[in-house]
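Undergrad: sequence plus predicted model, see below.
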Amino acid sequence: MKILYSKIVIIIFCIFSSIHIKAQSTVNLTNCLPYSSDRSGNTPCGNPNSSELKILRINVHYFLRNNGTGNFTETGDNNGGTLTGYDFSRDVLEWINGHAAWNSTQNIPAMNTIPTPPKNYQYVLDAVYFHRDNSHFNFNFSSSTYNTYKENPDHVMQVLLTDVQGQTSVAGYASSLGHTSTTKYTKLANVYSQYVAHAQNPNAEYGWTMHSVGGSFQHELGHLLGLSHTVRYNNGPPCPYSPSCDDGCNDTVSAYDMLNTYNATHHPACGWNQGNQPGCSNNVMDYAGANALSPCQIDIIHCGLGGGLKQYRVCDAVINDKTICHFGYPQIAYYGNKVTIEACGNNPTPTLHDNEQANIYFSNEVEFHGGFEVRGEATFEVFHVAACPS
Ligand SMILES: [Zn+2]
């Protein structure tokens, strides 16, 4: 497809529509208050506006060996297939946005009446990077990979995809829960190895990969937004039956409460795909790969995104005007109040080609000056997002 515009002004083209809101929960937020501060660390946000859709920016970094093996590439899956790292990132984003668009009733305690409000947050894929570097190929808990390769870290949460030799189970680490931190990254292990293992299994479906990878993404991003595990310590082991092992939300039942109040016959941390079993947690913040978040958990997320984490939101990126004279990977998302697309300096006509993707997020208008070309399989989309309330 080729598009040539002389001057076209787009005023409103709204894609992100709000999700219907149920009645506000009446859960006591006292336990959430330690999270409810802005970057100065001392202004409680009180009642977070959890009915406002909040959209935040994440990027994806693929780590490959020096010789170019071990992960997705710019042009394929490194396993004989044509699925690129860009494609895979888009698929995972679609999965996690799909799951952030609905909520499940919590499975524990049995027959509970805890509300199931909408989550009201979504993610935008900001950019995708590929790094050929043996020294950062393997998973570890060091921050050096983040420090070496972070891109725009004050405005974009970073997802780092590394590997562990010989393993195919996806595992992850999140850098911080704090709402005043600007060190927001998650390092995931074995995403690619899991993809390859499924690709080599004639009975496996791509959806399996999406479930394990997407479930891991949303869990680790949940940590970055301020959430703790509900029935496990944050470093993983199931909580002992002690009131001190708790996530700070009084609407997510603890292992201690399950035993002492609800007469549980087994521990609620049941593991992957067990969230639908009686007495097992189906919370996003356990290891079941399930999709439930409580009202308090949702409020914690919105406290953060309405306060100290506001700068990660798309609405914070569409306040100033932006002129774009070059499109193309690794960048996918572009932001501005008034976005002007034009040739500038010695740059030729802005052009998208091959399978490139450019998404414009604007709060006021998009204006095209002169030529702009979209070639081959490239896609170009424009989304209206209102600027953050001040
Ligand atoms: Zn976790």
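TA: Received the coordinates, thanks.
Undergrad: so where is the chain shaky, pLDDT-wise?
TA: Along the chain, the model assigns pLDDT under 70 to residues 1-46.
Undergrad: give me the sheet partners of the one helix or strand Leu160 maps to and which way each runs.
TA: Counting by DSSP states H and E, the element that carries Leu160 is strand 157-162. With DSSP bridges as the test, strand 157-162 is paired with strand 54-64 (parallel), strand 185-189 (parallel).
Undergrad: and the helix or strand just after it, what's buried?
TA: Once the chain leaves strand 157-162, the next helix or strand it forms, by DSSP H and E, is strand 171-174. Using 16 or more other Cβ atoms under 10 Å as the test for burial, strand 171-174 gives Ala171, Gly172, Tyr173, Ala174. In short, each C-beta sits where N, CA and C put it, glycine included.
Undergrad: neighbours around Val156, how many?
TA: For Val156, the count of nearby residues is 23 (other Cβ atoms under 10 Å).
Undergrad: what of the one 10 residues further on?
TA: Around Gly166 sit 7 other residues, with neighbours defined as other Cβ under 10 Å.
Undergrad: give me the phi and psi for it.
TA: phi 80, psi 0 (degrees, to the nearest 10).
Undergrad: Ile108 touches Val253, doesn't it?
TA: Yes: Ile108 lies in contact with Val253 (Cβ atoms under 8 Å); the separation is 5.3 Å.
Undergrad: which neighbours do those two share?
TA: Residues touching both Ile108 and Val253 (Cβ atoms under 8 Å, 6 or more residues apart in numbering) are Tyr262, Pro268.
Undergrad: helices of this protein, start to end?
TA: Assigned by DSSP state H, the helices in the chain fall at 85-100, 144-149, 191-199, 206-224, 255-260, 295-306, 314-317.
Undergrad: need the residues that contact stretch 97-107.
TA: 19, 112, 114, 116-119, 121-123, 214, 218, 252-253, 275-278, 280-283, 290-294, 298.
Undergrad: how long is that stretch from one end to the other?
TA: 22 Å (Cα to Cα, to the nearest Å).
Undergrad: ok, Asn364 - contacts?
TA: Counting by Cβ under 8 Å, 6+ apart, the residues that Asn364 touches are Asn337, Lys338.
Undergrad: just the buried subset of the contacts of stretch 97-107, please.
TA: Buried, going by 16+ other Cβ under 10 Å: 19, 114, 116-119, 121-123, 214, 218, 252-253, 275, 280-283, 290-294, 298, out of the contacts of stretch 97-107.
Undergrad: strands - which of these land there?
TA: Members of the buried ones among the contacts of stretch 97-107 lying in strands (criterion: DSSP state E): Tyr121, Gln122, Tyr123.
Undergrad: so the second one makes contact with Ile58?
TA: No: in this structure Gln122 lies outside contact range of Ile58 using Cβ under 8 Å: 10.6 Å.
Undergrad: circling back to that earlier point, closest to Ser142 among the buried residues of strand 171-174?
TA: The nearest member of the buried residues of strand 171-174 to Ser142, counting by Cβ to Cβ, is Tyr173 at 10.1 Å.
Undergrad: and that closest one, how far is that from Asn140?
TA: 9 Å (Cβ to Cβ, to the nearest Å).
Undergrad: okay, now Ser228: neighbour count?
TA: Around Ser228 there are 20 residues (other Cβ under 10 Å).
Undergrad: err, Gly376, not the other one
TA: Neighbour tally, Gly376, other Cβ under 10 Å: 11.
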